[in-house]
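A.B. asks: here's a sequence, model it:
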Amino acid sequence: MEALTALKCWHCGSEEIVVDDGEYVCRRCGTVLGPVQQPVRLTRLDQQMPRRPGISGRLRQIAALRRGITWAGPKSNSKTNAERGADKDMANYVERLTKALMETGDFSEEEARALAEAFVKQYRALRHDDGVRASLPKVGTVIEVLDSITSGRSNEEGGNYNMAIASALRMAFATTGAYKPLIRRALRLLRIAEPSDDLVELGAKYFETLYGYLKEAGKETHKYVVSIAIAATAMAKIKIYNGPLTTAKLILIRGGFRGLIEELDLDKFINKIEKDAVKGETSTH
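C.D. replies: As a prediction, the model looks like this:
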């Protein structure tokens, strides 16, 4: 991925912008800033621009706007009625999406709110077009897509996928670290009866470990959050009964998820976990 040090993320301010699969992406916060073939809402660094621009400064602002780049000059503290109305609409949308997520039974209020806020940011970044904010999808549609991407079925097999919504949801899970709702859904998907808080906690730990392992291996981990949750849940189920982790592969195969074993390189991951456990036991003696 090519680093672009002349640009700056509009969301977190990071200068670590890369081109990944034809899109600008912030390496620090993971925000997808838009496709490279279209103008994107990036801030071009210009150390010569004065804090209170005169005529020449304003001309630079106009030139930057014509190039589709947002000028990073001083902002007024006052908001127009339209801006205040947009903020109110967004807050209302986040509240409605938070409530809908909680009603699925998989989210606490804190998890639901964090995901709802992150989804709005990620969706708008993905749908950004020439500086105009995209309208947000219906809350019901977001829940339908969430159900689809956590169903274990591909789009061809009947999943109800809107790719922009699906991508924004995956990125929202990845950036917030709200993995427990995915573990709770995976428990139902694998037909694991009587899920306990301990099982969810252990599944979340395996999720974080596998996520980190795949990230170090160069995988675009945000694309695999659902698959990682299913595999992590299978491993947690085995581990909580002190069984060998290799047995987790049997749970996945019986559940119809044989493909995840190769997709997530589980054989190598499980071998690494078991070797690390043996080393830990040896060091304590």
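A.B. asks: CA only for contacts and neighbour counts going forward, please
C.D. replies: Noted.
A.B. asks: the closest residue to T233 other than its chain neighbours: what secondary structure?
C.D. replies: Spatially, and ignoring its direct neighbours in sequence, T233 is nearest to G203 (4.9 Å; C-alpha to C-alpha, 6 or more residues apart in numbering). Reducing the assignment at G203 to three states with DSSP: H, G, I helix; E, B strand; the rest coil gives helix.
A.B. asks: swap in the one 10 residues further on?
C.D. replies: Per three-state DSSP, the secondary structure class of Y213 is helix.
A.B. asks: what's the answer for V18, then?
C.D. replies: When the structure is split into helix, strand and coil by three-state DSSP, V18 lands in strand.
A.B. asks: so what pairs up with it in the strands?
C.D. replies: Applying DSSP bridges to V18 yields these beta-bridge partners: A3, V25.
A.B. asks: would you map the strands across the stretch 1-150 of the chain?
C.D. replies: For the stretch 1-150 of the chain, strands defined by DSSP state E, counting those that start in this stretch occupy the ranges 2-4, 7-9, 17-20, 23-26, 32-35, 42-44.
A.B. asks: okay, now the sheet partners of the second one, with direction.
C.D. replies: Looking at strand 7-9 with DSSP bridges, its partner strands are strand 42-44 (antiparallel).
A.B. asks: now do the partner strand, average pLDDT.
C.D. replies: Strand 42-44 shows an average pLDDT of 46 in the prediction.
A.B. asks: likewise for stretch 152-163?
C.D. replies: If you average the pLDDT over stretch 152-163, you get 63.
A.B. asks: pLDDT weak spots in this structure?
C.D. replies: 1-6, 10-12, 21-22, 28-32, 37-88, 129-134, 153-161, 193-195, 277-285 (pLDDT under 70).
A.B. asks: how is it partitioned into domains?
C.D. replies: As recorded under automatic domain parsing, the domains making up the chain are 2-66, 76-161, 179-285.
A.B. asks: so what's Y211 closest to, chain neighbours aside?
C.D. replies: T221 (6.5 Å).
A.B. asks: whoops, L214 was the one
C.D. replies: Computed as C-alpha to C-alpha, 6+ apart, the closest residue to L214 that is not its neighbour in sequence is T221, at 6.5 Å.
A.B. asks: now swap in Y93 and tell me
C.D. replies: Nearest non-adjacent residue to Y93, counting by C-alpha to C-alpha, 6+ apart: V139, 7.8 Å away.
A.B. asks: my read is that that neighbour contacts E95, right?
C.D. replies: No - counting by C-alpha atoms under 8 Å, V139 sits too far from E95 to count as a contact (10.2 Å).
A.B. asks: ok, H222 to A118 distance?
C.D. replies: Using C-alpha to C-alpha, to the nearest Å, one gets 13 Å for the distance from H222 to A118.
A.B. asks: same question for L250.
C.D. replies: When distances are taken as C-alpha to C-alpha, L250 and A118 turn out to be 35 Å apart.
A.B. asks: looking at those two, which one has more neighbours?
C.D. replies: A118 (21 against 14; other C-alpha atoms under 10 Å).
A.B. asks: next up, the contacts around the closest residue to that one other than its chain neighbours.
C.D. replies: Setting aside the residues directly before and after it, A118 is nearest to A172 in space (C-alpha to C-alpha, 6+ apart), at 5.0 Å. For A172, the set of contacting residues under the criterion of C-alpha atoms under 8 Å, 6 or more residues apart in numbering consists of 115, 118-119, 122.
A.B. asks: could the C-alpha coordinates of the strand or helix carrying A172 be exported in CSV?
C.D. replies: When secondary structure is defined by DSSP states H and E, A172 falls within helix 163-176. Backbone C-alpha positions of helix 163-176 (Å, rounded to 0.1, in the frame of the first residue of the first chain) are rendered in CSV as follows:
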residue,chain,number,x,y,z
MET,A,163,-22.4,-3.7,0.0
ALA,A,164,-22.0,-0.2,1.4
ILE,A,165,-24.0,-1.0,4.5
ALA,A,166,-22.2,-4.3,5.0
SER,A,167,-18.8,-2.7,4.6
ALA,A,168,-19.7,0.1,7.0
LEU,A,169,-21.0,-2.4,9.6
ARG,A,170,-17.8,-4.5,9.4
MET,A,171,-15.6,-1.4,9.8
ALA,A,172,-17.8,-0.2,12.7
PHE,A,173,-17.2,-3.5,14.5
ALA,A,174,-13.5,-3.4,13.8
THR,A,175,-13.0,0.2,14.9
THR,A,176,-15.1,0.0,18.1
